[in-house]
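Asks: Test case, fold it:
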Amino acid sequence: MGSMKKFATQCAAAMVACTLAAPAMPQEPPAQGETIKTQVSLVNLFATVRDKNKRIVGDLKQEDFKITEDNQDQKISFFSKEVALPITLALLLDTSGSEQFMLSAIQDAGSSFLHRILRKGDMALVMSFDSDVDLLSDFTDDHGQLDRAVRRSRINIPSGGSIGGNPGPVGSRQITGTALYDAIYLACGEKLNTEAGRKAVVIVTDAQDEGSKVRIEEAIEAAQRTDTVIHVILVADPRFGANTGAAKKLAEETGGRVLNASSEKKLMEAFDEISAELRSQYTLGYYPTNSQRDGKFRKIKVETANHDLKVLARKGYYAPKG
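Replies: Reported below is the predicted structural model:
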């Protein structure tokens with residue numbers, strides 16, 4: 001696959017998609033013979049629960065959970081323990097110069113992760129990002145295609161102006177920058193926005209962003225509008241370090257995790273943890289007491305009766321508009 005279109009063009013398209021495409025949610029049916037002027041959309045949440053030792057807890061019941069929206073208690077209308085619901089996944093690989101020392105290990109671990117996580121009905125895509133964002137494979141369930149895509153990822157060459165032997169996006173001048181936020185924005189706003197069910201972006205990066213056209217807040221909003229969870233695996237060259245704050249913000253605001261991977265072994269373990277996380281989720285649904293279709297952001301908090309347990313779930317959503 002070649003490079004995606006220049007971000008200036010895609011940004012406009014993705015902005016439209018991100019703004020107009022609300023998550024596909026079931027509507028509360030009107031009672032027979034009754035006219036309802038305002039229908040309330042079911043809000044779906046995927047939650048993972050861990051104990052004090054960070055072990056996944058998989059035996060909770062509906063009555064063990066409590067949901068509030070903007071500090072107002074909500075009645076849980078739907079509950080299930082999901083292990084088979086299809087997953088739509090975007091794997092984003094940082095190919096800026098700071099990741100050169102670990103690229104081979106990242107390719108091995110990333111390819112192995114996709115092979116293990118994907119089951120019948122699941123789909124994944126692969127993107128790389130440095131000064132540009134490249135789509136290496138569109139959505140597919142073909143393990144061979146995904147493996148080849150991961151293997152095609154190449155570190156951005158600082159002075160040669162080329163990636164993997166092909167003409168680089170900026171000719172012969174020095175290539176700099178890491179378009180992390182742009183990559184998230186495009187993955188969510190242009191690719192995941194039309195998908196349903198469980199959606200996740202898994203990023204292998206040091207979370208250092210240099211040169212993105214969009215801000216971190218816009219990247220997070222793109223994920224929130226498409227109900228996408230962001231998981232970050234931090235792989236950082238000791239000489240440059242990692243932007244832990246940005247990584248935590250991306251993950252926490254969308255219901256994901258940040259995992260540090262300082263070695264090949266840690267990298268494999270991080271992918272294993274995310275795999276277990278995606279396959280060990282509760283699905284919670286509620287009809288919000290606030291029925292206004294004002295397009296505003298609503299804050300969500302999911303808790304359990306046992307306060308020693310930690311719930312990982314997205315922190316909010318954007319209400320429908322109009």
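Asks: CA only for contacts and neighbour counts going forward, please
Replies: Noted.
Asks: Phe139: helix or strand, and which one exactly?
Replies: Using DSSP states H and E, Phe139 sits within strand 133-140.
Asks: Quick one: mean pLDDT over that strand.
Replies: For strand 133-140, mean pLDDT rounds to 97.
Asks: buried sites along stretch 240-256?
Replies: Residues Ala242, Ala246, Ala247, Lys248, Lys249, Leu250, Ala251, Glu252, Glu253, Thr254, Gly255, Gly256 are the ones in stretch 240-256 that count as buried (16 or more other C-alpha atoms under 10 Å).
Asks: Closest one of those to Leu146?
Replies: Gly256 (22.9 Å; C-alpha to C-alpha).
Asks: Helix, strand, or coil at the closest one?
Replies: Three-state secondary structure (criterion: DSSP: H, G, I helix; E, B strand; the rest coil) places Gly256 in coil.
Asks: quick one, what contacts it?
Replies: Counting by C-alpha atoms under 8 Å, 6 or more residues apart in numbering, Gly256 makes contact with Val229, Ile230, His231, Val232, Leu250, Leu312, Ala313, Arg314.
Asks: Adding distance to Glu82 and secondary structure, write those residues out as JSON lines.
Replies: Compiled in JSON lines, the contacts of Gly256 are given as follows (distance: C-alpha to C-alpha, whole Å; DSSP: H, G, I helix; E, B strand; the rest coil):
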{"residue": "Val229", "distance to Glu82": "16", "secondary structure": "strand"}
{"residue": "Ile230", "distance to Glu82": "19", "secondary structure": "strand"}
{"residue": "His231", "distance to Glu82": "19", "secondary structure": "strand"}
{"residue": "Val232", "distance to Glu82": "22", "secondary structure": "strand"}
{"residue": "Leu250", "distance to Glu82": "24", "secondary structure": "helix"}
{"residue": "Leu312", "distance to Glu82": "15", "secondary structure": "strand"}
{"residue": "Ala313", "distance to Glu82": "14", "secondary structure": "coil"}
{"residue": "Arg314", "distance to Glu82": "16", "secondary structure": "coil"}
